[in-house]
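*Asks:* Provide a 3D model corresponding to the input given below.
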Amino acid sequence: MKHPFFSNSGVSAAMLALALAVGLTPALAKNTAMRFYGVVKHVSAENIKVYDAKTKQTIGFALSPHFHNVFKSGSKTAQLSEIAPGQYVEVRYDRKALGIAHADRINLLDQNNHIVTKQ
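*Replies:* Got it, this is the predicted structure:
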């Protein structure tokens, strides 16, 4: 029996659109001001991997090709090359792009969670 108001392709397209909207909503609704504290395990021009000894969790963060958001005390910028494995950092990140952790800002910290004043 045919329904005059619905076609199979129209219903399929509507169901697909609804599934995509429901599936993407949690990813887009995540907090964009997430922070992760830990010790740098690896750093390169493309990513940084940080380990938190308290939670025993390691997260890798993607970096944009021209990432310049590394900060010391007084919001003074530093070079990405100043970050070395074993250094304590705070990474502010989001998961807007396909759920991948993307670093927005990296603060160089001491063991008391204060931004480093001198290297």
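
*Asks:* low-scoring stretches of this protein, by residue?
*Replies:* When residues are selected by pLDDT under 70, those of the chain lie in 1-33, 74, 111, 117-119.

*Asks:* swap the cut-off to 80 and go again
*Replies:* 1-33, 65-66, 69, 72-75, 97, 110-119 (pLDDT under 80).

*Asks:* in it, which spans are strands?
*Replies:* Counting by DSSP state E, the chain has strands at residues 34-43, 47-52, 57-62, 70-71, 77-78, 88-94, 102-109.

*Asks:* Any idea what the nearest residue to residue 37 once chain neighbours are set aside is bridged to?
*Replies:* In this structure, residue 37 finds its nearest non-sequential neighbour in residue 90, 5.2 Å apart by CB to CB, 6 or more residues apart in numbering. The way it works is simple: take the backbone N, C-alpha and C, and place the C-beta from them, glycine included. Residues in a beta bridge with residue 90, per DSSP bridges, are residue 37, residue 107.

*Asks:* how many neighbours does residue 90 have?
*Replies:* For residue 90, the count of nearby residues is 17 (other CB atoms under 10 Å).

*Asks:* re earlier: want to throw the strands of the chain into JSON lines with distance to residue 115?
*Replies:* Output for these, formatted as JSON lines (distance: least, CB to CB, whole Å):
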{"stretch": "strand 34-43", "distance to residue 115": "12"}
{"stretch": "strand 47-52", "distance to residue 115": "16"}
{"stretch": "strand 57-62", "distance to residue 115": "18"}
{"stretch": "strand 70-71", "distance to residue 115": "7"}
{"stretch": "strand 77-78", "distance to residue 115": "10"}
{"stretch": "strand 88-94", "distance to residue 115": "8"}
{"stretch": "strand 102-109", "distance to residue 115": "5"}
